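*Asks:* predicted structure and sequence below. I'll ask about it afterward.
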Amino acid sequence: MELRTDRLILRRPQMADGPAIVAAINHWDVARWVSGVPHPYTLQDAHDYITAITADGRSVWMIFQDHALIGGTGIANGFGYWLTPTAWGQGFATEAGQAALAWHFGQSDETVESQYLNGNTGSARVLSKLGFREIGASTCSSRAAGENLPSIRCVLTKADWNAKR
């Protein structure tokens, strides 16, 4: 399934996306903030990720802007997203998140959880813009750092989502 916004196309990842995913995500400045991303990120990591998504039907999309892969987003074990550094600061995370969450709440009344690592002020802003509210401190396993790191848990109810629209 494909989602479209004014500037973005979100679609399910395909095996052919592997090299573009590696090029977009294989930056320490990305991996340090995304709990499940190892660093360095290899083509095998991309293929394993795509295989897992395909196998269990997770609601995950790659984000394209002008036909270039710039990130990913999804609602699988919570809401998450990442962008390649050249796409930061342009509102793409919020725009993609709005599309993914609109899709989710169009299908379900289920509350969505998310979290961000302490110090990730960019993610804190994006989640706030999307309507998430902080519910407390936690820890999160970071594959890139190889340890558990402090994080902030957030939730978004359908009522809160609708109130922001």
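*Replies:* Cool, the structure landed.
*Asks:* what's next to stretch 143-159, contact-wise?
*Replies:* 28, 31-32, 34-39, 79, 101, 105, 108-118, 124, 127, 130-142 (Cβ atoms under 8 Å, 6 or more residues apart in numbering). Every residue, glycine included, has its C-beta placed from N, CA and C.
*Asks:* buried members of these into ChimeraX, please.
*Replies:* In ChimeraX, a selection of the buried entries from these looks like this (16 or more other Cβ atoms under 10 Å):
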select :31,32,34,35,37,39,79,101,105,112,114,115,116,117,124,127,130,131,132,140,142
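*Asks:* ok, then the element right after the lengthiest helix in the chain?
*Replies:* Ordering each helix of the chain by length in residues (DSSP state H) puts helix 92-107 first. Elements were assigned by DSSP states H and E; along the chain past helix 92-107, the next helix or strand is strand 112-117.
*Asks:* partner strands of that following strand and their direction?
*Replies:* Here strand 112-117 is paired, per DSSP bridges, with strand 147-156 (antiparallel).
*Asks:* could you check the angle helix 92-107 makes with the strand it pairs with?
*Replies:* Note on geometry: by axes from the mean of the first three to the mean of the last three Cα atoms, to 10 degrees, strand 147-156 and helix 92-107 are set 60 degrees apart in direction.
*Asks:* still on that earlier bit, what packs against the longest helix of the chain?
*Replies:* Packed against helix 92-107 by the contact rule (3 or more Cβ pairs under 8 Å, 6 or more residues apart in numbering; DSSP states H and E) you find strand 2-4, strand 9-11, strand 59-65, strand 68-75, strand 79-83, helix 121-130, helix 158-164.
*Asks:* kindly recompute the last result at 6 Å.
*Replies:* strand 68-75, strand 79-83, helix 121-130 (3 or more Cβ pairs under 6 Å, 6 or more residues apart in numbering; DSSP states H and E).
*Asks:* just the angle for the first one relative to strand 79-83, thanks.
*Replies:* For strand 68-75 against strand 79-83, the angle by the same axes, to 10 degrees is 170 degrees.
*Asks:* and strand 68-75, what's buried?
*Replies:* Neighbour-count burial for strand 68-75 flags 69-75 (criterion: 16+ other Cβ under 10 Å).
*Asks:* kindly report the same for stretch 157-165.
*Replies:* For stretch 157-165, a neighbour-count test (16+ other Cβ under 10 Å) marks 157-158, 161 as buried.
*Asks:* residues touching the residue most central in space within the chain, list them.
*Replies:* In the chain, the C-alpha closest to the average C-alpha coordinate belongs to Tyr81, at a distance of 1.2 Å (Cα atoms, centre = their mean). Going by Cβ atoms under 6 Å, 6 or more residues apart in numbering, Tyr81 touches 73, 93, 97.
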